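In: Next come a sequence and a model predicted from it.
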Amino acid sequence: MTIADITHPSPAEPSLFVRGIRQVRKVPFSVAFGIAWLAAMVLIAFFADLLRPYGITAMDLRARLSLPGNPPHLLGTDELGRDVLSRLLQSIRVSLAIAFGATIISAVLGTTLGFAAAKFRGAVEHLVLVLADFQAALPFLVMSLAVLAFFGSSMPLLIGLMGFYGWERYARIARGLAISASAQGYAAAVVQLGATPLRVYLHHILPNVASTLIVSMTLTFPEIILMESGLSFLGLGVQPPETSLGNMVGFGRDYLTRAPWIMLAPAIVIMVTTLSISLVGDWLRDKLDPTLR
Amino acid sequence: MAGPILQAKDLVRTYEVRQGMFGRPSPVRAVDGISLTIMPGETLGIVGESGSGKSTLGRMLLGIDPAQAGEIAFDGQAMPKLGTPQWRALRAKMQLVYQDPLAALDRRLTISAQIAEPLAIHGLVPLEHRQTRVAELMSAVGLRPDQADRYPHELSGGQRQRAVIARALASRPKLLVCDEPVSALDVSIQAQVVNMLRDLQEENHIAMVFISHDLKVVRNIADRVAVMYLGRIVEEASSDVIFQSPLHPYTRALVSSVPVPGRPLKGRTILQGEPPNPANRPSGCAFHPRCPMATDICRTTAPPLRAISADRTAACHLVADSAEPVAA
């Protein structure tokens, strides 16, 4: 018996490139802007060393507090004559590393605990829910202050600490969705097909609940940027002479009336980045759902 | 091979139901001492009202709902515990077809990916031949090849149920439990799906448990029919016999309730009232409050399931007082 390999017959299938162009054209302007902005941010984060015109600690004492728009210092300088543009680029790198790292840690941690609660029920579920309630009731900023004051601030500690922010939301969402999927419906059906729990959770439940989790991520990402900004503003986040967006806002505060550009530049970056994340996240969720296409 | 494919003995499944927030939990016997034997290639229809425990029984036969008492043997082997690797491996031999196909399908995967799923789970067909097998299955259940890349929500109800059936058949099971497989479908589609199920079952020599409340459908597909009332089998016989000459008053009422075109409803036995609350089972025969022929003994003593003739059992005092009891 010969078995013919039936690959899908594709009459007049447009090439990948043409389809790609068509897809791009359908993207709304706001989303396109968001994607472009985020791409720029990521590129800056990777190539900050090459892009910045001056070192972040290089002082130009004759050009202190110079206005933005002048040739040597495009975004002006701060009170020590350091180039704001150079410091901004470095800040984007530091803040993005913290925000991305922390968001991923918190999403993975929360989803894993939520799935574990849904799978094992009983004591495991109670423990996870109690921890989630505890986390939700805890004033996170106060706890972070205590931890950072006690251990001293460092980049890995900061990322790890921020990674605990918001995990309880993922845990609750993941648990609820996984339970409803296994009680009736597709997950129970796949269990009945003989699938291992790992397959059921990773191959079926996770893709189905991913859209909700992505939305949750677009909410926590800006919050983590803002949280880091707040901590740096209070002097417990990123330590000088290293710089981050929040750190810049914090130190620029003293010169708010005389040299607002020191603070405005990082503030605008924080705002536009969080906005872009929300726009792109919303759009991505709709795109990833075949039932909404 | 002459042994039964599935043998169930005295199955019991009880749920605790609480009345109100502080009420005492009262046990509900959803399945109350049911014994069944299914031979290879045979179709057993299970009929009964909503709440009679049909679906629970179907899930227990597959080992999805653990039996609290009694035992199930599949192909001579005792049913492994739910969730063990042995239980999972046995899924390739026994499959379930669901009432609601949209809920049973993963809305993010294409139909062909879902039909291939049992093959991947049990490692049955090597990767390079999997597409061929999926195409075979799809044509067997009457799905077009161009529907392979569709998502469940892009198909009609009947097509979805065909996809569920194709998925259930992918691992070449020996037993198929169909839990109300057509009750969510249009009448015109029902007949197509039932006929297709019967053809596939005969072709592949699959034993089938067909759970339904629709007597016309059961009559069409089943070799043998068991009638359930409040978690117990009240009558069991071959399909032709039971619809020609029902013995138990409940079966009689069910059979006479099937509308026949052009015949008025007069002179039919129409059941009065609701099925009783299973948490508060009537004394004696559970059917006596609704039975038009109930006598004193029906109110006090529960009738055992007796053999009336070869291959025919019924649980009623009014039928065959002299017959031998087969199960208490």
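Out: It's in.
In: Give me the helices and strands touching the lengthiest helix in chain A, please.
Out: Ordering each helix of chain A by length in residues (DSSP state H) puts helix A:84-120 first. With contacts taken as 3 or more CB pairs under 8 Å, 6 or more residues apart in numbering or on different chains; DSSP states H and E, helix A:84-120 sits against helix A:29-51, helix A:122-137, helix A:155-163, helix A:167-183, helix A:206-233, helix A:245-252, helix A:261-288. Just so you know, the C-beta spots here come from the backbone N, C-alpha and C atoms, and that holds for glycine as well.
In: redo that, cut-off 10 Å
Out: helix A:29-51, helix A:122-137, helix A:155-163, helix A:167-183, helix A:197-199, helix A:206-233, helix A:245-252, helix A:261-288 (3 or more CB pairs under 10 Å, 6 or more residues apart in numbering or on different chains; DSSP states H and E).
In: quick one: buried residues of it?
Out: Neighbour counts using 16 or more other CB atoms under 10 Å in any protein chain shown place A:84-96, A:98-103, A:105-107, A:109-119 of helix A:84-120 among the buried residues.
In: What does the pLDDT read for residue 180?
Out: Let's take chain A. Here, the pLDDT recorded for A:S180 equals 84.
In: Chain B is the one I meant
Out: 88.
In: any idea how far the closest residue to it other than its chain neighbours lies from chain A?
Out: Among residues not flanking B:E180 along the chain, B:Q99 sits closest, at 4.1 Å (CB to CB, 6 or more residues apart in numbering or on different chains). For B:Q99, the distance to chain A equals 10 Å [CB to the nearest CB, to the nearest Å].
In: helix, strand or coil for B:Q99?
Out: Judged by DSSP: H, G, I helix; E, B strand; the rest coil, the three-state class of B:Q99 is coil.
In: Just name the most buried of the helices and strands packed on helix A:84-120.
Out: helix A:245-252 (a mean of 25; mean count of other CB atoms under 10 Å in any protein chain shown).
In: ok, the residue nearest to B:G63 when sequence neighbours are not counted - contacts?
Out: Nearest residue to B:G63 in three dimensions, chain neighbours excluded: B:M79, at 4.5 Å (CB to CB, 6+ apart). Taking CB atoms under 10 Å, 6 or more residues apart in numbering or on different chains, we find B:M79 in contact with B:6, B:8, B:60-63, B:66-67, B:71-73, B:86-87, B:90, B:94.
In: Tell me the pLDDT of A:D49.
Out: pLDDT at A:D49 comes out at 79.
In: Which residues are in contact with the residue of the stretch 51-200 of chain A found nearest chain B?
Out: Residue nearest to chain B within the stretch 51-200 of chain A: A:G194 (3.1 Å; CB to the nearest CB). A:G194 makes contact with B:85, B:87-95, B:117-118, B:121-122, B:171, according to CB under 10 Å, 6+ apart.
In: SS state for B:G262?
Out: B:G262 - assigned by three-state DSSP - is coil.
In: On the pLDDT front, check it for me.
Out: 76.
In: next one: phi and psi at it?
Out: phi 80, psi 0 (degrees, to the nearest 10).
In: the strands in the stretch 151-300 of chain B, which residues?
Out: B:175-179, B:207-212, B:224-229, B:232-238 (DSSP state E, counting those that start in this stretch).
In: now for those, which one comes closest to B:I270?
Out: Closest approach to B:I270 among those is made by strand B:224-229 (16.4 Å; CB to CB).
In: Report the distance from the longest helix of chain A to the chain centre.
Out: How far helix A:84-120 lies from its chain's middle: 5 Å, per CA atoms, centre = their mean, to the nearest Å.
In: Rounded mean pLDDT for that helix, please.
Out: 89.
In: per-residue confidence for the spatially most central residue of chain A?
Out: Residue closest to the average C-alpha location in chain A (CA atoms, centre = their mean): A:F221, at 3.7 Å. The model reports A:F221 with a pLDDT of 82.
In: That one: what's it in contact with?
Out: A:96, A:99-100, A:102-104, A:106-107, A:166, A:273-274, A:277-278, A:281.
In: in the sheet, who's paired with B:P25?
Out: B:R18 (DSSP bridges).
In: So what's the residue count around it?
Out: 11 (other CB atoms under 10 Å in any protein chain shown).
In: Tell me how far it lies from chain A.
Out: 19 Å.
In: Take the contacts of A:F221 and write them to a markdown table, including distance to B:D146.
Out: Output for the contacts of A:F221, formatted as a markdown table (distance: CB to CB, whole Å):
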| residue | distance to B:D146 |
| --- | --- |
| A:L96 | 45 |
| A:A99 | 45 |
| A:F100 | 42 |
| A:A102 | 46 |
| A:T103 | 41 |
| A:I104 | 40 |
| A:S106 | 43 |
| A:A107 | 38 |
| A:G166 | 44 |
| A:T273 | 44 |
| A:T274 | 44 |
| A:I277 | 39 |
| A:S278 | 39 |
| A:G281 | 34 |
